[in-house]
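Colleague: Need the 3D shape of this:
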Amino acid sequence: MKIKPLSDRILVKPKEVEEVKKGGIIIPDTAKEKPQEGLVIEVGTGRITDDGKSVPISVKKGDKVLYGKYSGTEITIDEEEYLIMRESDILAIVG
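Modeller: Modelled structure (predicted):
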């Protein structure tokens, strides 16, 4: 897979959702919460301001990040689920 996000966009691999909770209860796919944590796979070059200056992205490949519940656009590459989102959708870097 080779994908390079443009501008201030970031490619994130969402954290896998736990299948079984304590007590052995299995949660169906329709009732699972969307993950809000993920791993940065690839980053764009950064945002260009109105006066032409480049603003670099503050996250890098390999960072664990927290993002908004409904952030980004879901895409599938090689049967893997990813999110493409703007840097402003990232709430925090974990770790």
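Colleague: Report the rounded mean pLDDT for stretch 40-53.
Modeller: For stretch 40-53, mean pLDDT rounds to 92.
Colleague: and residue 56, how many neighbours does it have?
Modeller: The number of residues packed near residue 56 is 12, by other C-beta atoms under 10 Å. In this view, the C-beta of every residue, glycine as well, is placed from N, C-alpha and C.
Colleague: Show the contacting residues for it.
Modeller: residue 46 (C-beta atoms under 8 Å, 6 or more residues apart in numbering).
Colleague: Residue 70 versus that one, what's the distance?
Modeller: Using C-beta to C-beta, to the nearest Å, residue 56 is found at 26 Å from residue 70.
Colleague: what bits of this structure have low per-residue confidence?
Modeller: 1, 17-23, 27-35 (pLDDT under 70).
Colleague: where exactly do the strands run in it?
Modeller: 9-14, 37-43, 47-48, 54-55, 64-67, 73-77, 80-86, 90-94 (DSSP state E).
Colleague: Pick the most buried one from the ones you listed.
Modeller: strand 9-14 (a mean of 22; mean count of other C-beta atoms under 10 Å).
Colleague: and that strand, how far from the chain's centre?
Modeller: 3 Å (C-alpha atoms, centre = their mean, to the nearest Å).
Colleague: All set, thanks.
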